[in-house]
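Asks: Build the 3D model from these lines:
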Amino acid sequence: MIVFLNGPFVVKNPAYVWMEVNGIGYEVNISLHTYSKIQHNDHGKLLTYLHIKEDGHSLFGFFDEEERTLFLQLISVSGVGTSIARMMLSSMKPEEISHAIRTENELVLGKIKGIGPKSAKRLILELKDKVVKSKSDENIAHSQGNNTENDALFALMSLGIARTAALNAIQKTLKQNNSLSLEDIIKQSLKNI
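Replies: This next block holds a predicted model:
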């Protein structure tokens, strides 16, 4: 798995970039969101996802982890492929998509090319509890609460556990014993789900 690429941008346009890394050129598909972040840079680092199909391999690049995580969540939904996910990330910022899913705003999602009313409902149904809050939301949570608890919550959500279920399990675990390490909180919370 290719996790990231770091090197000069040989070719750069709103749909893809060519990056040279140790003498090898990679074509990386990007969204308009990523392009807007790198358009003035000659060199950079892109987080990546390698999509393998019968008829070929495609490499997708992302400016930050928030965008890559959302992309992976979007393509996990039936009927949403890599092209539609990239179109969504080109139409709206990742935090706007996450917010629309969390607030069940079908109208906003339905306006994206390739997403109709049925797809918007399916996205909300399947991702509402999985969508990670935006960085600004996470920063608020970190400043307000226990960092170990927040780290455990993020870890459980990364495993695909719904936010509400994960939060309840963590709170139950901490009521039983509030002096556990992060690893023990996660293990015990998994048992409490």
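Asks: other SSEs contacting the strand ranked longest in the chain?
Replies: Longest strand in the chain, counting residues (DSSP state E): strand 43-53. Strand 43-53 sits against strand 4-12, helix 32-38, strand 56-62, helix 65-75, with contacts defined as 3 or more C-beta pairs under 8 Å, 6 or more residues apart in numbering; DSSP states H and E. Yep, even glycine has a C-beta here, placed from its N, CA and C like the rest.
Asks: among those, which is nearest D151?
Replies: helix 65-75 (14.9 Å; C-beta to C-beta).
Asks: Report the mean confidence score over that closest one.
Replies: In this model, helix 65-75 carries a mean pLDDT of 93.
Asks: Next: stretch 15-33.
Replies: 95.
Asks: Endpoint to endpoint, that stretch covers what distance?
Replies: This stretch, stretch 15-33, spans 10 Å end to end (C-alpha to C-alpha, to the nearest Å).
Asks: Repeat that for stretch 61-69.
Replies: 12 Å.
Asks: Any idea how far it is from the middle of the chain?
Replies: Stretch 61-69 sits 6 Å away from the centroid of its parent chain (C-alpha atoms, centre = their mean, to the nearest Å).
Asks: Ok, stretch 103-121 next?
Replies: The chain centroid and the centroid of stretch 103-121 are separated by 18 Å under C-alpha atoms, centre = their mean.
Asks: I'd say Q176 and K191 touch.
Replies: No. In this structure, Q176 is not within contact of K191 by C-beta atoms under 8 Å, at 10.5 Å.
Asks: Kindly reformat the helices and strands packed on strand 43-53 as JSON lines containing mean neighbour count and distance to K121.
Replies: Putting the helices and strands packed on strand 43-53 into JSON lines (neighbours: other C-beta atoms under 10 Å; distance: least, C-beta to C-beta, whole Å) gives the following:
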{"stretch": "strand 4-12", "mean neighbour count": "15", "distance to K121": "34"}
{"stretch": "helix 32-38", "mean neighbour count": "19", "distance to K121": "24"}
{"stretch": "strand 56-62", "mean neighbour count": "18", "distance to K121": "25"}
{"stretch": "helix 65-75", "mean neighbour count": "20", "distance to K121": "14"}
